[in-house]
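>>> Give the three-dimensional model of this entry:
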Amino acid sequence: MAKGIMVAASLLVLLTLFIATSSATAVETVGGRRDIKDVGSNKEVQSLGRFAVNEHNRRLRHSGGAAVPAANDPVPVLLSFTAVASAQEQVVSGKVYYLKVIARDGSGGGDRPFDAVVIVRAWLRSKELVSFTPSPK
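Next up is the predicted model:
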């Protein structure tokens, strides 16, 4: 009987330690930004960068195209995606990705860096471009 109580107590201690460790890890990751390593070989991150540029171009065309940019559009030219140079993710209701996108200016300006924010809600199968602005480099 004493051996059974000792085993139960040991299991209870281990379970408590596991729950405490899991809770501490969850608290640290939810809401905080985390750098994404190996961005160049990360297919998901590169795909999100391509999505950001394509969505920027779609919005620009919808508002009248490069010849008549929206008055509040900080990037009034069509772009072609080159690569994502750096990325961070933040776990919220879904994931927010902060991307440093390199894109070629369609008007002959060469490759330029842009800051893009994309929200991914996997359970809804949705992606949303929140912002797309020139980066201060």
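
>>> C-alpha only now, for contacts and for neighbours.
Fine.

>>> Which residue, other than its chain neighbours, is closest to residue 48?
residue 118 (7.4 Å; Cα to Cα, 6 or more residues apart in numbering).

>>> residues contacting that neighbour?
The neighbours of residue 118, taking Cα atoms under 8 Å, 6 or more residues apart in numbering as the test, are 48, 52, 96-99, 127-131.

>>> Okay, now the sheet partners of the helix or strand containing it, with direction.
Taking DSSP states H and E as the definition, residue 118 sits inside strand 110-121. According to DSSP bridges, strand 110-121 has the following sheet partners: strand 94-105 (antiparallel), strand 126-134 (antiparallel).

>>> how about the helix or strand where residue 46 lies: buried residues?
According to DSSP H and E, residue 46 maps onto helix 43-62. For helix 43-62, the neighbour count (16 or more other Cα atoms under 10 Å) marks 45-46, 48-54, 56-57, 59-61 as buried.

>>> ok, how many other residues are close to residue 116?
24 (other Cα atoms under 10 Å).

>>> Can you give me the pLDDT of the nearest residue to it once chain neighbours are set aside?
Nearest non-adjacent residue to residue 116, counting by Cα to Cα, 6+ apart: residue 132, 4.5 Å away. If you check residue 132, the pLDDT there is 96.

>>> just residue 9 next, same as before
49.

>>> quick revisit: how far does the strand holding residue 118 sit from its chain's centre?
With Cα atoms, centre = their mean, to the nearest Å as the basis, strand 110-121 stands 9 Å off its chain's centre.
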